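S.K.: from the sequence below, what's the structure:
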Amino acid sequence: MSLVELASSLERSFDKSQDLLTRLVAGLRARRMAWVSAHPDGIAPAAELEQLAARLQTEDEVRRTLLADLAEVLPLPRGFARAVLHLNVTRIATAIPVPAARSLRRAADAATAVAKDVRRELALGRRLIGFAQRAHESVMADLARQAPQRGYDRTAQASRGLARVGASLVDGKV
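M.R.: Below is the predicted model:
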């Protein structure tokens, strides 16, 4: 394939990734809203999100293959080896015609923006889960301190208040 054809394939890959990432962000936001509003049916693991993640991984592998092919086809600047140079959209765009370069940059920028939205949504989700864990631990600890424990006092009578479980002997001897 020629350089322009490979760049066009890369652009299509960016567009496809952008679509998948947009759907992933929407799904993650819906799950977060379901979690915040305590709708358990929206919190359960979603097969759709797993499928989107798998399709994104497949698209990432396709893009890696395209980038490897592009690295072989791109002209090298003088004095540099292929292994040393970093391959990015800017470098590819300088080697293709201007309209194709603009289109490639637009697709890459759009995919990058949506990927940032995914990262933000994931970070927010992690923070909410951490908050819920800390809140749950705090509530359980408060309940454990407030709940009266059943036991016996020193006179072998049933205790109605807090009893020290370690010294709650029936005969009253320590």
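S.K.: and the top helix by length along the chain, what does it pack onto?
M.R.: Longest helix in the chain, counting residues (DSSP state H): helix 98-146. If you count contacts as 3 or more C-beta pairs under 8 Å, 6 or more residues apart in numbering; DSSP states H and E, helix 98-146 packs onto helix 3-36, helix 89-94. All C-beta atoms are positioned from the backbone trio N, CA, C, and that covers glycine.
S.K.: quick one, that helix and helix 3-36 angle?
M.R.: If you take axes from the mean of the first three to the mean of the last three C-alpha atoms, to 10 degrees, helix 98-146 sits at 20 degrees to helix 3-36.
S.K.: give the rounded mean pLDDT of helix 98-146.
M.R.: Across helix 98-146, pLDDT averages out at 85.
S.K.: how far away is the residue nearest the centre of the chain from Ala26?
M.R.: Centroid-nearest residue in the chain: Leu122, 4.0 Å away (criterion: C-alpha atoms, centre = their mean). Distance, Leu122 to Ala26, by C-beta to C-beta, to the nearest Å: 14 Å.
S.K.: list the residues that contact Leu10.
M.R.: Neighbouring residues of Leu10 by C-beta atoms under 8 Å, 6 or more residues apart in numbering: 63, 66-67, 70, 92, 104.
S.K.: most neighbours, which of the residues you listed?
M.R.: Counting by other C-beta atoms under 10 Å, Ile92 has the largest number of neighbours within the contacts of Leu10, with 25 neighbours.
S.K.: could you list every residue that touches it?
M.R.: By C-beta under 8 Å, 6+ apart, the contact list for Ile92 reads 7, 10, 70, 74, 101, 104.
S.K.: that one and Ala101, how far apart?
M.R.: For Ile92, the distance to Ala101 equals 8 Å [C-beta to C-beta].
S.K.: returning to what we had before: let's have the helices and strands packed on helix 98-146 in TSV, adding mean pLDDT and distance to Glu59.
M.R.: Output for the helices and strands packed on helix 98-146, formatted as TSV (pLDDT from 0 to 100; distance: least, C-beta to C-beta, whole Å):
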stretch	mean pLDDT	distance to Glu59
helix 3-36	91	5
helix 89-94	92	16
